Structures are given as C-alpha cells and as structure tokens.
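>>> Predicted model and sequence below, questions to follow.
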Amino acid sequence: MQVENILQELNLIFRDILDNDKISLSRTTTADDLEEWDSLTHIQLVVAIEKKFKIKFTAAEIQGWKNVGEMCDTLQNKLSPKT
Amino acid sequence: MLFNSFGFLVFFIVVTTLFFTIPNRFRWSLLLFASCFFYMFFKPEYILILAFTIVVDYFAGILIESAEGQKRKQFFLIMSLVANIGVLAVFKYYNFINDQVTGIARLLGYANHIPYLIWILPIGLSFHTFQAMSYTIEVYRGNQKSERHFGIYSLYVMFYPQLVSGPIERPQNMLHQFHEEKHFSYENLFYGLQRIIWGIFKKVVIADRLAMMVDYIYKDPYPWHGLPILLAVILFAFQIYCDFSGYSDIAVGTARVMGYKLMENFNYPFRSRNITEFWRRWHISLYSWFNDYLFTPVVINKRAWGSWGVVFALLVTFSISGLWHGANWTFILFGVLHGLAVSYEFLTKKYRKRWSKKLPVFLYGRLSILITFCYACITWIFFRSTSVHQAVYMLKNLFKTNANGQYFYLGVAEIRGLPSTYMGLPFWQFAGSLMLIPFLFFSEWLLSGDNMNRFRTFPVYLRWAAFYIIILSVLILGVFDTKQFIYFQF
Amino acid sequence: MTANKRKKYTLQIIWFTILGSILIWLVDGAIQIAVRHSDSEQTGKVNKVMGHEIDPGIMVFGSSVGEVGIDAPEIASITNQSVYNCCIDGTRYMQYRGIIDEFDSYSKNNKYVVMVESYLSFEKIQAVNSLDRYLAYLNNGNLYNSLYAMQPDLLWKCRYVPFYKFIPASHVYYKNAAVGLKRLMHHSKDTDSLMGYTPAYKTLDPDLDSLIKNTPHFDVAIDSAVVGNYIQTIEKLQRSGRKVVLILPPVLNKVIKQVTDLGPLRNTLTKIAQQTGSVFYDFSNSAICDRRDLFYNRTHLNATGSAFFSKQLADSMLTIMNAPIANGTQLSNAAVSQEK
C-alpha cells in the first residue's frame, strides 16, 4: 500500500475515534497538535488501526512513535515486509 | 535543609556564587558536593541508601546498553527496578504491609510475629527513586544513552533543587544540561529570583497561614460540624496548591539562576474543566512519569479488552500513584477516586460532548471548573485525613449542623472563659487569612501570559515596589516555625 | 551581552539591594518604635520598665501567679505606697532577670521589691517564652544577657543578623505595633488604674479532681545555678537600698499534694532569705489554701481570692515598713507562716 493511502486511511480512523471531522493529518502531526489525542485515546487509535489493517504492533513500536509519519512507516513495513 | 529557612538562603548564595566563579570542569563536583551537604543536613547516614541506588543504577544503565539481546537487557532493567522499588518498599511500605498481614492473620486467628521497623523515611525517597528509575527505563527503551561519568550520573539523581520534592525529571532533559557549560545570564538570574520569591511567598505566607486553620480542624475533627469542616476542606485545596507549587517554583528558580531548566510541575490546575485535564495540570512530573512508565505499558498490554482495558489501566495506575503518596489506605482511596473519575470521563466522553453543546458555553465551562474543583476537594479529604474513618466523618458532616442546630459556628464553646475563636484564630487573623485566596487568584492572573510581559514594561520603580512589597509581606506575614512542605514526607 | 547592558544590570542589582535593605531597615525600625509604645498586656509591662516609665514604691515581679494574685490597688491603699504589679504571664525569674536589672538601674523611688514565686521558679529553662514581648529591646544589655543565657543561638541571630528577627516575630509583635502606633498618634496617656493587676473572674474547673488523678507526679526542680543568680539579684537590689520580699502565694494544697511536694521549694526560699537577709513570707500553708472558692486552678487565685490574699500581704508588708531598720540585714526572718 502506498504511503498516501495509509495516511488517508489513518485520517479516517482519527476522525472517527477522536470524533472530529476537521482533522487533517500530515506526517509531522503529533499529539500536541490535536486536542483530543491523548494517552487514553491513543490506545483506541492503535486498536482501531490494528483492526483495520489486520496487524499487530509490538509495545516497543507503539511507544517509539514520535509523530504520524513514523506510525505510517511502521505500518508500511508491516504491510509489505521487506524481502 | 528546608527551602524556607535562613540557612538555605546562605547556602544558595554561597553555592551560586561559587558555581560561576570556578572553572566549568569543576562545577559538577561543586554541585554534587553541595547536594550531598544539602541532603545530609537531615539525617547524614541516609546518604548511604542514596549511594546504593546510585551505584546500582549507574552500572545497570551501562549493562543494559551494552547487553546483547532483549532478554539480557530486561534482566538488568529488572535488577535495577527491584533495587529501587525494594528500597522504597522497605523504608516506606514495610510497616503498612505488615499492618495488612496483622489484619489478615487476626481474621484467621493467628498473631503476627513479624517485627515492625522503626526507621524514619529518608527525605525525598519517593522522588529521587522515581527519577533514577526513569533513567534505566529510558536507557532500556533506547531513548537515552547511558551516562558513563559517574559524577554526572550521581548529580542527575541528587541535584539539590529537585532532590527532595521534585519535579521528577527525565534523563533526556537533565543529563545533557549537566554536560553543558552554563554561562551567567542576567535573564536567568532575574527570572530565577522572581520565581523563588514568588514561591516563598506562596509557601510561607499563603500555604502556612491557611494551614493554621486547616490543621486546627483536621487534628481533631470530631467536635466540628458544618461550616468549619467545609472551610477546612476548601482551604486545604489552596494550601496544598500553594505549598507544593511554591516549592516547585523555588526549585525551578534555584536551578534557573545557575542556568538549568527544570520542567514545570503545575499549570493553573484550578482551571481544569475535568479530572483528566486536572492531572495534566497538577504535579505534572509525577503523572507524566506514571503515564509513560505504568499506564502506557499496561494499557498496551490489555488493549484487547477495549475500553475496559483502558479503565483497568487507569485504576491500576491511579491506585498505585495514590499509594506513592503514602503508606495508608487513605492515599490509595485518594488514587482510586481519581481513577474512577477519569474512567468515568473516558467512558462518557461522547455523551458529555453532546451535553456541552446544549448548554451555553460560558455556563458549561464555569460549571465544569466548579464541579472539578469540588471533586478534587473531596478526594483531598482522604489525602489529608489520617484515617479512612476520619475522612468519612468529614464527608458526612460537610453540610450537617451541630448539636445546637448551628451550621455557621466556627468558634470554641465558651469553656472556662476562653475568648471565641474562628477555627483557632482571632477574628482579624481569620478574615485576613481568607483574603489570601482572592489575592492568590489576582496574582496568578497578573503573572499569567501576557500580563507578565506587560508588567516588564512598567517603569522600574513600580516593579521594584512590587518586589519590595512581596518581600516585606514574606517577612511580616510569613509563618516561620519549621513547618515542612507537605510533600516532604514523601 | 554588551558591556553597557551588563553594567546597567549590575548597577540595578546593587541599587535594588541597597534600597531594599534600607527600606526593610526603616520598616523594622518603625515597627520597633511602635511596639515600644504599646501599653497592651504583657508587652505593655515590659515597655513600662524598659522605657523607664514607672518607679513605684513597691514593685512586684513574678509570673502569672502574681499577675492575677497580687491586687496592686488594694496593697497601695493599705500601705499608702505606689505599687506596680509587674508580673509577666509565662515568665519566670531566669527570664525576667534582665528586667529587674534594668529597673534597678534607673529606679530612684522604689523601696520594696516583691518577688512572687511558684514551684516553677527555679527550674532551668532553655526556651525563651514569648520572645515577641522583648524583640524591640535586643540592644539593651540587661535584657539581652538574660535572654541570651537561655537561648544563645536564637538571640544572637536576632540581634546581629540583619532582619533575622522577622522570623520569630509573630502576630503578637505586630498587634502591639498597631496599638503603639495608635497611642503615638493620639498621644494617649497611660490609663491602667489596676496598676498591672489582672483580676481573674473565673472559678474552678469542676473536673479538677478527676483531671488531677491523671496527672503524673513530678518533683519540683531546683537548679543551683538559677538559685545562685537569684541570690545575686537580691543582693544587687539590696545594694541599691531596696528591701526584697520573697513570697510563696497560696495554692490549693490538697490538690498540689497529690502531684508534688513543695518542701524543697520552701526550703530553698528559706535558705535564700537567710543568706541574703531578705524576708520570706510563706502563704502556701495559710487558711486561704483550703478555700476552693478562691482559686480558678490549683495555683492561681481568682479575683476574690486575690483580694483576700493581697490584704494579708499588705498587712505583712506594713510590719516590715514600720519596723526600725538597723543596717539592712535586720530582718533575717525565716519563714513567717501567716495563719489568719
């Protein structure tokens, strides 16, 4: 899957979980940029992403993300594993 | 050494002056020596406990980083955590745990022969233990390089502004600062001194004056009903805020004068519109610690449970953070009450959002702030009471009248010709102390954001006058009989 | 940062500190002056002596026992002398020694010094009681020395470390400053018609007997160093031509006997009187001691009791005042028990 598609899918998930239609994610978006994104909703986002893409993240991966871009990268690696 | 003591004033001036006069390469040893001196002012022998955890964590950091494979890294991490939590458990919770063992044994018909410890809790143990643990955890997570310089690592744990009551720092913020050369700057000096003076004012004038009335009720609440209980509960909220945020201000200011930037511990907590927000504004360093190192791993681990996983993680985190404050069921209940509130807010978020749209904005906002404040006050009843029984009594009598059907009675009954007092104070002192609260609100409004910048543009003599008034107020209105900071006992 | 800016900031800091210190020093001084003019309660008494305002024929020193027990106007009317009850609540010889010295240094009219003692009188104390009352006079040698002997560290800091005295100063100090300021502004005259006497219109606590059962027994503390100083003070007063009268006022004997034995106290006072040639009147076995209606606790007389006792004391004083004086050591009376 392409990165832009991933970003779009994430955007939909964020809008749904955070209950805010105005969200427009970019690779540099962090939790500081979105009021509703806190440690409580973060795990809901993670669960929703795992469900949608049918993958599982490790704890280290989840704790390692610094912005949306890194989430996308991890996702991409999981979806199309390097041969 | 207490921050609100004359000795500390001398200590601070001497250390800061020396800091900027000696060459940079000796500064870490000066600070370390000063911090040891500062700590040993209380009970010198306890420095050995500190030395033990410092040595363990220093080596743990290096070993974790150089270890091959996750399992070995985990091993060293667990070794470090066990050492730190073990020390905490022995000195702080041993007797409490033994109490529970006695209780259970009695239920089963046995006596508990395990002896109780009579060791005094080392000052600041909960704080610097947590700061040390954040180091090993961050090294383990790969976010921080291990510190090879033993002196600098020791300084990280023992840095005197934050040694005794926080803020609980992270290695990413502090370690690199200890490696940098700090240059004297008037900006830092003025900012630091202003923070210190304001912190002292909050602690010595506001917090300690309110404490006189609060302690009067809490030391024996059973003769009281109604207004005195209500006042004691409300005043305690402001007392603990001024006490702890005042201390944090002094810590931040002291470090800043030398050029070190510590994290903020408070962000106008009484503006919180819900308990979740409250914990982002109150004792920020502690709750972000618990958030990063306890809540997040638990909630990730239990994410299959969905919302209930979050609730579970919240209750676990808040109960333990309550227990962090002290070895008593009252503290655990304090934590649980907050855990329940945050869980409730989490589960009902969409529902409450709909409500907020129905009510006019200014009303909903103010109502939320008021409700949040009241809830926090109620949880603080448990925090402040020495036993659950006492806390429940106070809760039950917040709005009851006394034996004479009076609600507003604040004085001592006319026993043997004693003059009537108002929560233990003569009337003018009582009224004056209450006036401190609106003064606090006014000052914080003055000091926030843009107002501070505007203040800086005022003519010199006005600014100086303000400082002189604050200093004189501290000298004249301040309460100086060795009242410790509330968070000292942690 | 430019050199100019650095200079500007350094100058600012220096000026701020200098101006601030001057300001605080002025405020400190102003408060101190105001406190000295207070006539309120105990601070007022200290002020009267330290300000050299009173010079009565009979001067009474002691603690609260004397403050409520010595009816000064009554004694004045019977003995026809000016009397002042300078007993200070909570304060015992070791602490008010400095005040006696100060009084001795300026008083010209005083002929008789009465010292009212109790079982706490000769205890060695290591904490100054109510420092607020004395904070305005730390530069006075007499006062400073007696307080310094009790708590050297604190007193030294209060006197020599700038502004340190703000730390122990409590609301009592500032309240007296307010009273003193008001007096200064209105040029008020002294209006104490009771001459320092504070009658206690109270009665005994009905629970006294049950309370006493729970009180542990204690021995009366007699510290030899304190006794030594006491004797020196008496001799100093006598050298100034004053007569010293030691008093042990009435106490509720039956109650006191349950917790302590006043024997050592009586012996000490007897010996002191013998050694110095002063008079010792022991009222602690008198008939008043059996009258529970005259006390409000086991050692303090109420207003009625005080009137009773003071009349007896005044009559005893008359015998001293009318007796011929030979050469100062004439009245080597031992304990004169008053059985009336």
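Perfect, thanks for sending it. Residues are numbered from 1 along each chain as shown, chains lettered A, B, ... in the order given.

>>> Only C-alpha atoms from now on, for both contacts and neighbour counts.
Noted.

>>> For burial, what's the neighbour tally of A:Ile17?
Residues contacting A:Ile17 under the criterion other Cα atoms under 10 Å in any protein chain shown number 15.

>>> again with B:Asp243
27.

>>> Off-centre distance for the host helix or strand of it?
In this assignment (DSSP states H and E), B:Asp243 forms part of helix B:227-257. Relative to its chain's centre, helix B:227-257 lies at 9 Å (Cα atoms, centre = their mean, to the nearest Å).

>>> same question, stretch B:129-148
Computed by Cα atoms, centre = their mean, the chain-centroid distance of stretch B:129-148 equals 22 Å.

>>> what comes up buried for that stretch?
B:129-141, B:144-147 (16 or more other Cα atoms under 10 Å in any protein chain shown).

>>> first to last residue in that stretch, what's the distance?
19 Å (Cα to Cα, to the nearest Å).

>>> circling back: do any residues in the helix or strand following the helix holding B:Asp243 lie close to chain A?
Downstream of helix B:227-257, the first helix or strand assigned by DSSP H and E is helix B:275-281. No - if you take Cα under 8 Å from any Cα of the partner chain as the test, helix B:275-281 misses chain A, and the best it gets is 9.7 Å.

>>> Which neighbouring elements make contact with helix B:275-281?
Taking 3 or more Cα pairs under 8 Å, 6 or more residues apart in numbering or on different chains; DSSP states H and E as contact, the helices and strands that helix B:275-281 lies on are helix B:284-290, helix B:329-347, helix B:361-384.

>>> For B:Leu410, give its distance to B:Leu193.
Counting by Cα to Cα, the gap from B:Leu410 to B:Leu193 is 39 Å.

>>> Show me which residues of chain C are close to chain B?
Within chain C, the positions adjacent to chain B are C:9, C:16, C:20, C:24, C:166-170, C:202, C:205 by Cα under 8 Å from any Cα.

>>> Let me see the ranges of the strands in the stretch 151-300 of chain C.
Assigned strands in the stretch 151-300 of chain C, in chain order: C:243-248, C:279-282 (criterion: DSSP state E, counting those that start in this stretch).

>>> Minimum distance to A:Leu10: which of those has it?
A:Leu10 lies closest to strand C:243-248 among these, at 93.0 Å (Cα to Cα).

>>> Can you tell me the strand partners of the closest one and which way each runs?
Using DSSP bridges, the strands paired with strand C:243-248 are strand C:112-116 (parallel), strand C:279-282 (parallel).

>>> Report the mean per-residue pLDDT for the shortest one.
Per-residue pLDDT values over strand C:279-282 give a mean of 90.

>>> What are the buried residues along it?
Neighbour counts over strand C:279-282 (16+ other Cα under 10 Å) mark C:279-282 as buried.

>>> ok, so of those, who is nearest chain A?
Of all those, C:Asp282 has the smallest distance to chain A: 80.6 Å, by Cα to the nearest Cα.

>>> all helices of the chain, in order?
Using chain A here. A:3-17, A:39-53, A:59-64, A:68-79 (DSSP state H).

>>> wait, chain C
When assigned using DSSP H, the helices of chain C occupy the ranges C:3-36, C:41-50, C:64-69, C:72-79, C:93-106, C:141-148, C:152-160, C:171-186, C:208-213, C:224-239, C:253-259, C:263-276, C:303-322.

>>> for the helix or strand hosting B:Phe37, packing partners?
Secondary structure assignment for B:Phe37, by DSSP H and E: helix B:24-40. Applying 3+ Cα pairs under 8 Å, 6+ apart, one finds that helix B:24-40 makes contact with helix B:6-21, helix B:47-66, helix B:150-158, helix B:160-163.

>>> C:Leu26 and B:Leu472, how far apart?
C:Leu26 is 11 Å from B:Leu472, by Cα to Cα.

>>> So those two - more neighbours on which side?
B:Leu472 (18 against 12).

>>> Need the nearest residue in space to that one, chain neighbours excluded.
C:Ile24 (7.1 Å; Cα to Cα, 6 or more residues apart in numbering or on different chains).

>>> what does B:Leu314 give?
Once flanking residues are discounted, B:Leu314 sits nearest to B:Gly339: 5.6 Å by Cα to Cα, 6+ apart.

>>> ok, that neighbour - contacts?
B:314-315, B:317-319 (Cα atoms under 8 Å, 6 or more residues apart in numbering or on different chains).

>>> Return the subset of the residues you listed lying in strands.
Among the contacts of B:Gly339, no member falls in strands (criterion: DSSP state E).

>>> Buried members of those residues into PyMOL, please.
Buried residues among those (16+ other Cα under 10 Å), as a PyMOL selection:
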select buried, chain B and resi 314+315+317+318+319
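
>>> give me phi/psi at C:Lys202?
phi -130, psi 170 (degrees, to the nearest 10).

>>> Helices of the stretch 51-200 of chain B, start to end?
Applying DSSP state H, counting those that start in this stretch to the stretch 51-200 of chain B gives helices spanning B:70-88, B:94-108, B:125-140, B:150-158, B:160-163, B:171-179, B:186-200.
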